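Participant: here you go, sequence then predicted model.
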Amino acid sequence: MTPPFVDDRVAPNCDEEPVLEPAGPEMEEEMSRQGLATLWIVALMGFAGCGGDEGSVTLENFDERLTRAECDALFRCGGTDEYDAYDRAAYRSAAVCAGADSGDDITARVMRPYIDAGTVVFDAAAAEACIAATRRTCATTPAAQRACASVLRGTVPTGGGCAAHRECESNRCSMVGFGCGTCQEARGLPGSFCFFDFDCPSTLQAPQYCDDENTCVAGIRPDERTTDPLAGEECVGGRCAPGHYCIASICSPWRERGEACDVDEDSCAPGTICGELSTDPGNNVCVPIVFETRPGELCDDPWDSDVVDQLVVCDLNANLTCRSGVCARLGGDGNAGTYCEVAAECADGLSCVGSTCVGDPLPDGAACMYDVECASYVCDRLSQVCVAPLSCE
């Protein structure tokens, strides 16, 4: 199957990923003719076909596959605010973005005990559909919401015992604290009052929507949107078609280097970011992003200061991060239980899972401090040992 946004007449070169760096002189004439944003979108469309998503989606690789799709979207789509622009600058490429979170199988760690107990089911077909939908559009469509909401399904019927919402068919458990509860009747069933579509939980097995009479209706909305809004059209959830961003609820093309931009939005094309020029202070324009690959060199932190003339970013692909205005090697000395953002911040043999450095999952009875350390994903708060999830049959 041809991945979305890829011209199937030309096979993408997956060995040469696009990175956010200035184009060479040979590109300048074409850049001025077509526009920088257009060229970046063409390049990233080709990269969307890369990623090695061969084989079936499983519980164990679902997080990795979904993260890869989300990272592709980060570089293909305008975000909802300037934070997406900063993330794009920090990662530099979709591949680095995906690699930074590799090994974070938090869904598998959390859900495996419930799946083994039979109270939760992992739907591989829904997982495939969820990932495909994430790649297909920038906006989260109703089809994507249905698919992603169907990946994990509770099996305990109303009235059955439960220790977590996720175990119930209705996704509603009446548990109090860490004790057992009872699965409650689902909310938002057909015929219920609603204001928005999300008031009517929708899955692949039971789609529904909120109609003009403020009533949950079974089925798929007849005029359901399946594509991204283009320039001049109203944004969908703050999102637009590839190469566009949302401003005042209307889609607009990414701005190019030197063009006026909106500092609070993800308004500039990849390779640039919204800042100002030292020769023209107070007026926001798209300025270049420069990547520093050498430790000890000066760098900019957009969280602590305004972006002026350019944004110097420490290359994460070179294992660098900006600390106190200077590029430094990622520590790699994070012990088990310490906070992390990427695996490189953890000591050898540890992974960054759920923003915590952890080793191999610990068996029941092993000493622990955090749930994420345990194979059961339950670290007893009093005894501080890993225990099996509470069974409420």
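Facilitator: Happy to help now that I have it.
Participant: and residue 60, what does it touch?
Facilitator: 105, 108 (Cβ atoms under 8 Å, 6 or more residues apart in numbering). Glycine gets a C-beta too; all of them are placed from N, C-alpha and C.
Participant: for it, give me phi and psi.
Facilitator: The phi and psi torsions at residue 60 (degrees, to the nearest 10) take the values phi -70, psi -30.
Participant: most remote residue from the chain's center?
Facilitator: Distance from the C-alpha centroid of the chain, by Cα atoms, centre = their mean, peaks at residue 279 (37.1 Å).
Participant: what separation do you get for that residue and residue 285?
Facilitator: Distance check for residue 279 against residue 285: by Cβ to Cβ, to the nearest Å, it reads 11 Å.
Participant: what residue ranges in this protein score low on pLDDT?
Facilitator: When the per-residue scores of the chain are filtered using pLDDT under 70, the ranges that remain are 1-54, 101-104, 302-305, 331-334.
Participant: of all residues in it, which one is nearest the centre?
Facilitator: In the chain, the C-alpha closest to the average C-alpha coordinate belongs to residue 70, at a distance of 4.4 Å (Cα atoms, centre = their mean).
Participant: that one and residue 98, how far apart?
Facilitator: The value you get for residue 70 to residue 98, if Cβ to Cβ is used, is 8 Å.
Participant: what do you get for residue 347?
Facilitator: According to Cβ to Cβ, residue 347 and residue 98 sit 22 Å apart.
Participant: so which of the two has more stuff around it?
Facilitator: Just comparing residue 347 and residue 98: by other Cβ atoms under 10 Å the higher neighbour count belongs to residue 98, 20 against 14.
Participant: now do the host helix or strand of that one: distance to the chain's middle.
Facilitator: Assigning secondary structure by DSSP states H and E places residue 98 in helix 94-100. The chain centroid and the centroid of helix 94-100 are separated by 11 Å, computed with Cα atoms, centre = their mean, to the nearest Å.
Participant: other SSEs contacting it?
Facilitator: Counting contacts by 3 or more Cβ pairs under 8 Å, 6 or more residues apart in numbering; DSSP states H and E, the secondary-structure elements packed against helix 94-100 are helix 59-76, helix 82-91.
Participant: report the distance from the longest strand anywhere in the chain to the chain centre.
Facilitator: Counting residues, the longest strand in the chain under DSSP state E turns out to be strand 280-292. The gap between where strand 280-292 is centred and where its chain is centred comes out at 26 Å by Cα atoms, centre = their mean.
Participant: Provide the strand pairings for whatever helix or strand comes next after that strand, with the direction of each partner.
Facilitator: For strand 280-292, the following helix or strand on the C-terminal side (DSSP H and E) is strand 311-314. If you go by DSSP bridges, strand 311-314 pairs up with strand 280-292 (parallel).
Participant: re the thing from before, export the helix holding residue 98 as CSV, just CAs?
Facilitator: The C-alpha coordinates for helix 94-100 follow below in CSV (Å, rounded to 0.1, in the frame of the first residue of the first chain):
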residue,chain,number,x,y,z
ALA,A,94,11.6,12.9,11.9
ALA,A,95,14.1,10.0,12.3
VAL,A,96,15.8,11.7,15.2
CYS,A,97,12.5,12.5,16.8
ALA,A,98,11.4,8.8,16.5
GLY,A,99,14.8,7.6,17.7
ALA,A,100,14.8,9.8,20.8
